[in-house]
Each structure stands twice: as C-alpha cells, then as structure tokens.
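Visitor: Build me a structure from this.
(4 chains)
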2 protein chains.
Amino acid sequence: MAVHKKEAFTQKEQDLAAFAKAIAHPARIAILKVLAQRNECICGEIVEILPLAQSTVSQHLKELKNAGLVDGTIDGPRSCYCINWNAFEKFNTAFNTLFTSLKTKNEKACC
Amino acid sequence: MAVHKKEAFTQKEQDLAAFAKAIAHPARIAILKVLAQRNECICGEIVEILPLAQSTVSQHLKELKNAGLVDGTIDGPRSCYCINWNAFEKFNTAFNTLFTSLKTKNEKACC
DNA sequence: TTCCTTAATCGTATATTTGCGATATAATAT
DNA sequence: ATATTATATCGCAAATATACGATTAAGGAA
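Guide: Residues are numbered from 1 along each chain as shown, chains lettered A, B, ... in the order given. Just a heads-up that it's a prediction; the model follows:
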C-alpha cells in the first residue's frame, strides 16, 4: 500500500469514517451497550460479559477512547469508562446529515 | 489472531458492524456522495473525481456492493452503479435505533 | 476481424486490525 | 513490606484492508 490516501478526502469524510471504524466491530458495539446499561462506570465487568480476553477488551476500549466515544479515568487499581454523550450526539447528527443529504439528492432507483 | 470472534456476538451487532465497516473509509463515503449526486448510474466518472486508481475504486465499489449499500449491473463495456435506498434506509434505522437505545438507558456523565 | 474503451480481477506490497498470553504498573489490603 | 487485584501495555501471530499496476474480459466502433 505504501501510501494512505485518507488525507485526500474532506475532513468531514475522514471524521465520519473514523467514527464508523470505531463502531465497525461487534465487540465494540457490545461494549457500548454494556457501558450504556450500567449507570456506574464499569471496567472489567465487560471482560466477564464478552467472550474476549482482558487484553483484547482493553484494546477495544482504547480504540473507543481514541475515537472520542468513550471517556476513561484511572481510579487506582480499577479504571472507569463511560460513554461520552456529547461526542456520540455529534456523530449521530453527522450520520443523519449524511443520510439525509444523500437522499435529498435523489431517491430513484436506476439499476 | 487465528480465530475471529465475530460469531460470538448477536446478528444485529454483526450486521451493524458490517455496515459501519462499509462506510468506514472516506473514499467509500465520497463514492456514495457521487452516486447520490448523479441521477444517472455512473461508473468510471468516480475514478476521475477521486484521487484513486481505477482498480482501487473498483474494489471499493465491490465492498459497497457486498455490504448491500450499492446495486450494480453490467451494461456492456460499462457498468452501472447506484445506491440501494432500501438497504440504506434499513441501516439508517438500525443506527438510530442503536443510538436511541443507548441513550434511553442513561445519559448521565460519570467520569 | 481488429482496435478501443471500460471495468473487473489478479498478483503483490505494505499497513492495519484482531486476538491472546505474558508482563508491567499501581493502588489497595493484609 | 508483601500479596492481591485490576488494567494497561508489550510482543507476537494471523487475518484483513488498502492501494496500485498489469492483465483479462467483453461490448462497441472502425
């Protein structure tokens, strides 16, 4: 591949793609569900619920955090993760904007 | 990795993740925009618009097609692609359902 | 038929993702 | 001080994704 062409696209396209990538794995969707379900910020409970190793869950959490969808603070021996609702809302809006803008252009089937 | 654990999650989670993966690349988002803009089903016009080689665009189109977001028919020497609005609507709904279901659980910040 | 155009596919190189075990880290409990 | 507990991180292996040039295939034009 050698060169990535992501930078050749608009910032909006890149941002939206990055968000989509963050939720482009069933494990991460499942993690978000668990985080939303528990009001308390949880951590290793996810490991018990998901069929994944602790290190793998930690990695998925890191990616969600990098994408900004999840906030995390370290509380001594245990950490605390929770959904960043602001970022989530922002991306939800961005998605709906894409969907809507695509649809308003044209909705006729042609193939 | 050796083993993929996708199958360990619910079908809904897998489907949504697959859709997210399809739009998890700025080039594919850009392709969808082009497809939506032109009422006519186009093909190699995308190659001229995007800064990507013909084979790369073809590959991205294939992935969008595999995800069901795009329909394609071969019309002689030129092919014809267009957005599958039904599938698109379906996934848009699935997304909003996820967003909503997460939010109704709880929207308090905790970290 | 032979050439041209269009697009799919093949082969290849490289980058990224996914997953796990093992190890490191850091606060708490004993 | 040492052990325990919870997480992050490292190192590794395998699978996927990204990108491109070259080739193939197939209809249309000469």
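
Visitor: Next up, identify which helix or strand the nearest residue to A:H25 once chain neighbours are set aside is on.
Guide: Leaving aside its sequence neighbours, A:H25 sits nearest to B:A17 (C-beta to C-beta, 6 or more residues apart in numbering or on different chains; 5.4 Å). The way it works is simple: take the backbone N, C-alpha and C, and place the C-beta from them, glycine included. Per DSSP states H and E, B:A17 falls inside helix B:11-22.

Visitor: Show me the contact partners of stretch A:31-45.
Guide: A:23, A:46, A:49-50, A:54, A:57, A:60-61, A:64, A:69-70, A:78-83, B:98, B:101-103, B:105-106, B:108, B:110-111 (C-beta atoms under 8 Å, 6 or more residues apart in numbering or on different chains).

Visitor: which of those are close to DNA strand C?
Guide: Among the contacts of stretch A:31-45, the ones lying near DNA strand C by C-beta under 7 Å from any atom of the strand are A:Q54, A:H60.

Visitor: Return the members of the contacts of stretch A:31-45 classed as buried.
Guide: Applying 16 or more other C-beta atoms under 10 Å in any protein chain shown to the contacts of stretch A:31-45, the neighbour count classes A:23, A:46, A:50, A:57, A:60-61, A:64, A:69-70, A:79-83, B:98, B:102, B:106, B:110 as buried.

Visitor: Sitting in helices, which of these do you find?
Guide: A:I46, A:V57, A:H60, A:L61, A:L64, B:L98, B:L102 (DSSP state H).

Visitor: so which two of these are the farthest from each other?
Guide: A:V57 and B:L98 (19.6 Å; C-beta to C-beta).

Visitor: Any idea which helix or strand in chain A has the lowest mean pLDDT?
Guide: strand A:70-75 (a mean of 80; mean pLDDT, DSSP states H and E).

Visitor: so where's chain A uncertain?
Guide: A:1-3, A:39-41, A:74-77, A:104-111 (pLDDT under 70).

Visitor: Can you pull the residues of it lying near DNA strand D?
Guide: So chain A meets DNA strand D at A:1, A:3-6, A:42-44, A:47, A:54-55, A:58-59, A:61-62, A:72, A:74, A:77-79, A:81 (C-beta under 7 Å from any atom of the strand).

Visitor: Let's see the PyMOL selection covering just the buried ones among those residues.
Guide: Buried residues within these, by 16+ other C-beta under 10 Å, are selected in PyMOL with:
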select buried, chain A and resi 42+43+61+72+79+81
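
Visitor: residues near A:N92, how many?
Guide: Using other C-beta atoms under 10 Å in any protein chain shown, A:N92 is surrounded by 19 other residues.

Visitor: Please apply the same query to A:I31.
Guide: Neighbour tally, A:I31, other C-beta under 10 Å: 25.

Visitor: May I have the residues that are in contact with A:A53?
Guide: Here A:A53 is in contact with A:V47 (C-beta under 8 Å, 6+ apart).

Visitor: Could you measure from it over to A:V47?
Guide: Using C-beta to C-beta, to the nearest Å, one gets 8 Å for the distance from A:A53 to A:V47.

Visitor: quick one on the thing from earlier: touching DNA strand C at all, the helix holding B:A17?
Guide: No. Judged by C-beta under 7 Å from any atom of the strand, helix B:11-22 stays clear of DNA strand C, getting no closer than 7.7 Å.
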